[in-house]
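Asks: sharing a model prediction with you, sequence too.
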Amino acid sequence: MGKASYIFNPEIETMPREKMELLQLKRLKETVRRCYENVSFHRENMDRAGVTPDDIQTLEDLQKLPFMVKSDLRENYPFKLFAVDMSQVVRIHGSSGTKGKPTIVGYTKNDIENWAEVVARAVCAAGGRPGDMFHNAYGYGLFTGGLGLHYGVEKMGGTVVPVSGGNTARQITLIQDFQPRGISATPSYTLNIVEEMKKLGLDPRKTNLAYGIFGAEPWTEEMRAQLEEELDIKAIDIYGLSEVIGPGVSIECYEAQDGLHIAEDHFLPEVIDPETGEVLPYGEEGELVFTSLTKEAFPVIRYRTGDIASLNPEKCKCGRTTIRMSRIKGRIDDMFIVRGVNVFPTEIESVLLAVDELAPHYQVVLSREGVMDSCEVHCEVTTEFYRKMSASNEETVQLTEMVRNHLKEALGISVGLKLCKPRTLPRSEGKAIRIIDKREKVS
């Protein structure tokens, strides 16, 4: 395909900053007015803050508006945040509801078309092009991943293989027989596919795959290197969440893989201090916040995502001028505190995946002994190293000590380490479960 990715919508994706900001302001005013006039939650929120739609005259005026958080969606379940009559809603998506009521979002016909547009841009940025066969292993259903990628690939002009998640043997058969150029899935499940291919005596590098679009869970540069090495592809990070639209909010480009281009004609980003709510300057890390600019059924204003990232406004070498967000470091609610130290699972993953003797499958087990929290990392070793473990305990002791030292250096605290036999930790067909918290809940 050459060095340059195909730009699906050059007019928008290479738009000068001044012109983009004028478009954003026009759409921001329309969104704020739509929310105020049609959604009692937003009207009451703005009234309490002493703000009216007429007060929004510049993009900086966005900061006058109050934040939305995930609990607002649950408290207004199922449809109280919709800004249109239900007769105009053509589709509903939602979360799994594992922590109570699911969060429900709706789409009008225009919303679905806009969503397909931003995903088509995303797939092209990742290395896709019209005519591609695309293997979609994201789950279909209320989860936005499967259908989000599906309609975007079709909009791009590609052929979708709607495999969904699970049934790994069938995934492998279709990858071999259909010879897709692109694949999408969670990174952890993709490594599961790789592992199964090797068990069958197949070489994962000898497929037709050229690029993979991976997301729905935080993952590291070390995980990227492993995916690219195992499959001989470009591994591209995609970002999205159902509350904002689903996948396609932002994506890395094939050329740079240096920050995720935000579809900022549809989504206005901010990064804030999660403690104070203060807007942070470009380059500083904080909580990512989005305001939708075109959503009709389910607009959001200053929605706090809980994801940790930073923003970069510099033009990218791929030619796109849209603001880029850094890769997600982790989620505020995924962060755990052990002996006063904040720890993100991705920090642990970076250490483990840099060690050749360890397989890319791990879990973090948190427990409490008396009043002290403890953290133990369970990680599988490779099949090759396991044979050595069986023959000699000395190498196991040395590896354990080395990894524990690396973890202490990276995290700032000592943690336990348990080396596990190959294929003994649970595998996921969707998002990997990284944290097992056995601490007693203290009220």
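Replies: Done, it's in.
Asks: any regions of the stretch 151-300 of the chain where pLDDT drops low?
Replies: Within the stretch 151-300 of the chain, no range satisfies pLDDT under 70.
Asks: for it, which segments count as helices?
Replies: 168-178, 187-199, 221-231 (DSSP state H, counting those that start in this stretch).
Asks: mind saving the C-alpha coords of the last one as PDB?
Replies: What that stands for is helix 221-231. C-alpha atoms of helix 221-231 as PDB (Å, rounded to 0.1, in the frame of the first residue of the first chain):
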ATOM      1  CA  GLU A 221       3.900  -0.600  23.800                       C
ATOM      2  CA  GLU A 222       5.300  -3.900  24.900                       C
ATOM      3  CA  MET A 223       2.000  -5.600  24.000                       C
ATOM      4  CA  ARG A 224       2.100  -3.800  20.600                       C
ATOM      5  CA  ALA A 225       5.600  -5.100  19.900                       C
ATOM      6  CA  GLN A 226       4.400  -8.600  20.800                       C
ATOM      7  CA  LEU A 227       1.400  -8.400  18.500                       C
ATOM      8  CA  GLU A 228       3.500  -7.000  15.600                       C
ATOM      9  CA  GLU A 229       6.100  -9.600  16.000                       C
ATOM     10  CA  GLU A 230       3.700 -12.500  16.400                       C
ATOM     11  CA  LEU A 231       1.500 -11.600  13.400                       C
END
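Asks: if we can go back for a sec, and the helices of the stretch 151-300 of the chain as JSON lines, adding mean neighbour count and distance to S95?
Replies: (C-beta placed from N, C-alpha, C; glycine too.) Compiled in JSON lines, these are given as follows (neighbours: other Cβ atoms under 10 Å; distance: least, Cβ to Cβ, whole Å):
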{"stretch": "helix 168-178", "mean neighbour count": "15", "distance to S95": "25"}
{"stretch": "helix 187-199", "mean neighbour count": "20", "distance to S95": "19"}
{"stretch": "helix 221-231", "mean neighbour count": "19", "distance to S95": "24"}
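Asks: format these as a markdown table; extra columns: distance to T207.
Replies: Shown next, in a markdown table, are those (distance: least, Cβ to Cβ, whole Å):
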| stretch | distance to T207 |
| --- | --- |
| helix 168-178 | 6 |
| helix 187-199 | 9 |
| helix 221-231 | 7 |
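Asks: and the longest helix for the chain?
Replies: Using DSSP state H, we find that the single longest helix of the chain is helix 17-38.
Asks: how far away is the residue nearest to V89 when sequence neighbours are not counted from P78?
Replies: Setting aside the residues directly before and after it, V89 is nearest to G106 in space (Cβ to Cβ, 6 or more residues apart in numbering), at 4.4 Å. Look at G106 and P78: by Cβ to Cβ, to the nearest Å, they are 9 Å apart.
Asks: of these two, who's got more company?
Replies: Shown here are G106 and P78; by other Cβ atoms under 10 Å, G106 has more neighbours (23 against 16).
Asks: what sits against that one?
Replies: G106 makes contact with 79, 82, 84, 89, 91-93, 297-298 under the criterion Cβ atoms under 8 Å, 6 or more residues apart in numbering.
Asks: filter those residues down to the buried ones and hand me the ChimeraX line.
Replies: Only the buried entries of these go into this ChimeraX selection, using 16 or more other Cβ atoms under 10 Å:
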select :82,84,89,92,93,297,298
